[in-house]
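Undergrad: next come a sequence and a model predicted from it.
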Amino acid sequence: MRIAVTGSIATDHLMTFPGKFSESLVVDQLDKISLSFLVDDLEMRRGGIAANIAFGLGCLGLDPILVGAVGQDFADYRSWLERHRVDTGSVHVSELRHTARFVCTTDTDHAQIASFYAGAMQEAREIELAPIAERVGGLDLVVISANDPEAMLRHTEECRLRGYPFLADPSQQVAWMDGAGIRQLIDGATYLFTNQYEAALVEQKTGWSAEDILARVGTRVTTLGAKGVRIDRLDEPSIQVECAPEERKADPTGVGDAFRAGFMAGLAWDVGLERSAQIGSLLAAYVIETVGTQEYELGQARFLDRLGGAYGPGAVADVEPRLRCPRP
């Protein structure tokens, strides 16, 4: 199954301040604020929603096609992704801008001061899907994840025009887009992914009821946090899947991206929607157990052992012949 994953590709620069921002703020002088905080450490992490999803697919043994825009500083990141089976041949490289960057400082109260530089991501709207489909021999599914909004709209429209099945995953872009834009993003999607809050926001902004949305998309997948995930289809009973048990909780960043990767792997393996959600839930557990969105490692035997422990021997029987992650 040829899966193209469009969306953001970024690096995260994470710093820790060993004090409280509030102690340095003078309320009646905020219009003249000029501060510099001496931080303890700096962590640089690979990120971006599309890159995270593609990485997860590669770790499970698939060969996803990453589609997005980056800067000339992408060389090391490209090498990392390619070592994890990600096809980066359709990544657009800007001649003028750096790869998107998230820079965040966190204090001891977990207050944060952050900036996001979109950079080369603005050029994602220049990417055409048809040449990518020609290069790889067709596209079976196009993932439209959070990205430059114009790029998201363009990719969605091209999918409808050319008949490429697409998965709508608007994510945080739902918060600021208007109803017309959201309707354009999701109408005709084969799959619609949101979390529970985003699902309610989509209905509010579009003016469409849950039933209206199901009449316009093939399958609606709603993540419910600790309560797992619900899968809805028109005139069919809902499917509910519980979270896979995690061994520890380190950092939830990237959990949703990993779930999507696992779910799509299940689709590629044709193991059914419920099993796909179980695979996604287990991959999400791996991410919550590590700091960073692409720092987990999968071993064939260990992954299958955890899958069986969470969802039973039937899950192992379905997945084992198809799983191609590195063996321990």
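TA: Received it, and whenever you're ready, just let me know what you need. Just so it is clear, the structure is predicted and the values come from calculations on it, not from any experiment.
Undergrad: please make it C-alpha for all contacts and neighbour counts, starting now.
TA: Noted.
Undergrad: tell me where the model's unsure across the stretch 201-328 of the chain.
TA: For the stretch 201-328 of the chain, applying pLDDT under 70 flags the ranges 327-328.
Undergrad: strands of that one, start to end?
TA: Taking DSSP state E, counting those that start in this stretch to define them, one finds strands in the stretch 201-328 of the chain at 219-223, 229-233, 236-241.
Undergrad: can you tell which of those is closest to Ile3?
TA: Minimum separation from Ile3 across these (C-alpha to C-alpha) falls at strand 219-223, 17.2 Å.
Undergrad: between that closest one and strand 236-241, how many degrees?
TA: Orientation check (axes from the mean of the first three to the mean of the last three C-alpha atoms, to 10 degrees): strand 219-223 against strand 236-241 gives 30 degrees.
Undergrad: list the contacts of strand 219-223.
TA: With C-alpha atoms under 8 Å, 6 or more residues apart in numbering as the test, strand 219-223 has contacts from 190-196, 199, 214, 229-234.
Undergrad: who wins on neighbours among the residues you listed?
TA: Within the contacts of strand 219-223, neighbour counts (other C-alpha atoms under 10 Å) peak at Leu192, which reaches 28 neighbours.
Undergrad: sheet-wise, list the partners of the helix or strand hosting it with their directions.
TA: For Leu192, the host element (DSSP states H and E) is strand 191-195. For strand 191-195, the paired strands and their directions (DSSP bridges) are strand 166-169 (parallel), strand 219-223 (parallel).
Undergrad: kindly report the domain assignment for the chain.
TA: 1-15+40-164, 243-320 (automatic domain parsing).
Undergrad: okay, those in TSV with distance to Gln204 and mean neighbour count next?
TA: Listed next are those as TSV, based on distance: least, C-alpha to C-alpha, whole Å; neighbours: other C-alpha atoms under 10 Å:
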stretch	distance to Gln204	mean neighbour count
domain 1-15+40-164	19	20
domain 243-320	22	20
